[in-house]
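Participant: I'd like to go over a predicted model; first the sequence, then the structure.
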There are 2 protein chains.
Amino acid sequence: MRFDAGEHIFRQGDEDRSVYVLQTGLLKAYYLSDEGKENIKSFIQPGELIGSLAAAYFKEYCSFSVVCLEPSVTVELDFDVLYAATRDDLEMASAMVEHLLNFSMKKERREREFLTESAEERYRMLIDRSPELFDKVTQKDIARYLGITPVALSRIRKRNASRK
Amino acid sequence: MRFDAGEHIFRQGDEDRSVYVLQTGLLKAYYLSDEGKENIKSFIQPGELIGSLAAAYFKEYCSFSVVCLEPSVTVELDFDVLYAATRDDLEMASAMVEHLLNFSMKKERREREFLTESAEERYRMLIDRSPELFDKVTQKDIARYLGITPVALSRIRKRNASRK
DNA sequence: CATCCGCGTTAACCCAGGTTAATGCGCCCT
DNA sequence: AGGGCGCATTAACCTGGGTTAACGCGGATG
């Protein structure tokens, strides 16, 4: 499936029960609060996989939206088919375990960062870990990913003007 | 394996490559910062499973410690054996997928709460979701789990004096 | 070319939570 | 019983980030 920049793959509240593998492009997954504030769950880069686990597994509504930041190409997989496959194909199950282990560790790291680091430290770690992001994504989105406002990020950048 | 309250199952920095299933008791998993500050990753209740995925999978050091808050009984499983089993036993692989899906969703929810909610809202949600914890765990530990100081939690409780 | 709009920056003011320290309480220990 | 220790509370003060608003800018659009 091909998408233009700005197009949504699915929206918060949808009943989408698919999983998408990103081939090329860049996606952002975000939560929209009742008051209309956006908080960014993650950026998705080629090779990564995105979909609302909870929505698919518990047959609920998606708790977040996914939109393309660049023109993107994805492959859509039906969660139920995928899940059924893990129940009777060892290859699939192993691959799924592999993927989920990696996914869990990523989530765990982010949880840890929120728990133990300040916004400023999280900013510095993000620069170290994913410098490419800073070329592709607006500062507003970086801020919303770090859990702060664009104004706060601008201040942090000023404080850290020396490094990048 | 039996443990007294206060005993550690493993410590940050250990090379423990096991996974533990809690039969009875109550555990807490926590990070200790360089400056000696404690931040609580999670409380583990009977039926749940704990272990440092990253340590086991990447053969690294554990990034957190696990200590018993009550006398506890656990079953120890070797991660490598477990992982190998998922590679050639469909039953095991399916169970592992099941478990990891649930684990991922829990982490995802916590990530979301840190990203989108204030400390006060997180406190209220915790009361709703796990009221039992408040009887078993000190307020200090609840605060460290919420990502705030005991002093801040005391203030929040005062503001919310009406509800519990 | 002029207009518009969204982004990043900066300033001023506000507030939640951190820090430090004092107090009082309950619990464990011998 | 007495001493000691860790926990919860409260107060005073500090600080990082939120909010609002003004400004300049660059890119898109007519």
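Facilitator: Cool, got the structure. Please read all numbers here as calculations on a predicted model, not as lab measurements.

Participant: next SSE downstream of whichever strand or helix holds residue A:99?
Facilitator: Applying DSSP states H and E as the criterion places residue A:99 in helix A:90-116. The helix or strand immediately downstream of helix A:90-116 is helix A:119-129, counting by DSSP H and E.

Participant: if we can go back for a sec, is the helix holding residue A:99 anywhere near chain B?
Facilitator: Yes. Using Cβ under 8 Å from any Cβ of the partner chain, helix A:90-116 reaches chain B at A:90, A:93-94, A:96-97, A:100-101, A:103-105, A:107-108, A:110-112, A:114-116. Placement of C-beta: from N, CA and C, glycine included.

Participant: what angle sits between that helix and helix B:90-116?
Facilitator: 30 degrees (axes from the mean of the first three to the mean of the last three Cα atoms, to 10 degrees).

Participant: most centrally placed residue in chain A?
Facilitator: residue A:42 (2.5 Å; Cα atoms, centre = their mean).

Participant: quick one: that one from chain B, how far?
Facilitator: Distance of residue A:42 to chain B, given as Cβ to the nearest Cβ, to the nearest Å: 9 Å.

Participant: if I look at the closest residue to residue A:37 other than its chain neighbours, how far off is DNA strand C?
Facilitator: What sits nearest to residue A:37 in space, not counting adjacent residues and going by Cβ to Cβ, 6 or more residues apart in numbering or on different chains, is residue B:116, at 8.0 Å. Distance of residue B:116 to DNA strand C, given as Cβ to the nearest atom of the strand, to the nearest Å: 13 Å.

Participant: residue A:137 now?
Facilitator: 8 Å.

Participant: related to what we said a few turns ago, the residue nearest to residue A:37: neighbour count?
Facilitator: The local packing of residue B:116 (other Cβ atoms under 10 Å in any protein chain shown) involves 17 other residues.

Participant: contacting residues for it?
Facilitator: By Cβ atoms under 8 Å, 6 or more residues apart in numbering or on different chains, residue B:116 lies in contact with A:31, A:33, A:37, A:39.

Participant: list the residues that contact residue A:90.
Facilitator: Taking Cβ under 8 Å, 6+ apart, we find residue A:90 in contact with B:87, B:88, B:90, B:93.

Participant: what is the nearest of the residues you listed to DNA strand C?
Facilitator: residue B:93 (41.2 Å; Cβ to the nearest atom of the strand).

Participant: just checking, the closest one touches residue A:88?
Facilitator: No. Counting by Cβ atoms under 8 Å, residue B:93 sits too far from residue A:88 to count as a contact (10.3 Å).

Participant: now the helix or strand of chain A with the lowest mean pLDDT: buried residues?
Facilitator: Here the helix or strand of chain A ranked lowest by mean pLDDT, DSSP states H and E is helix A:53-58, holding a mean of 88. The neighbour-count check on helix A:53-58 (16 or more other Cβ atoms under 10 Å in any protein chain shown) flags A:53, A:54, A:55, A:56, A:57 as buried.

Participant: same question for stretch A:13-22.
Facilitator: By 16+ other Cβ under 10 Å, the buried positions in stretch A:13-22 come out as A:16, A:17, A:18, A:19, A:20, A:21, A:22.

Participant: what's the farthest-apart pair in those?
Facilitator: Greatest spatial distance among those (Cβ to Cβ): A:17 and A:22, at 18.1 Å.

Participant: go ahead and name everything in contact with the least confident helix or strand of chain A.
Facilitator: Outside helix A:53-58, the residues that touch it by Cβ under 8 Å, 6+ apart are A:14-19, A:60-63, A:79-80, A:83, B:101, B:104-105, B:108.

Participant: out of these, which sit inside helices?
Facilitator: The helices, defined by DSSP state H, take in A:79, A:80, A:83, B:101, B:104, B:105, B:108 from the contacts of helix A:53-58.

Participant: if we check DNA strand C, which of those are in contact?
Facilitator: The subset of those within reach of DNA strand C, by Cβ under 7 Å from any atom of the strand, is empty.

Participant: neighbour count, pLDDT and distance to residue B:121 added to those residues, as CSV?
Facilitator: What follows is the ones in helices among the contacts of helix A:53-58, written out as CSV (neighbours: other Cβ atoms under 10 Å in any protein chain shown; pLDDT from 0 to 100; distance: Cβ to Cβ, whole Å):
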residue, neighbour count, pLDDT, distance to residue B:121
A:79, 18, 93, 30
A:80, 13, 93, 34
A:83, 19, 90, 33
B:101, 21, 91, 26
B:104, 20, 92, 23
B:105, 16, 92, 20
B:108, 22, 93, 17
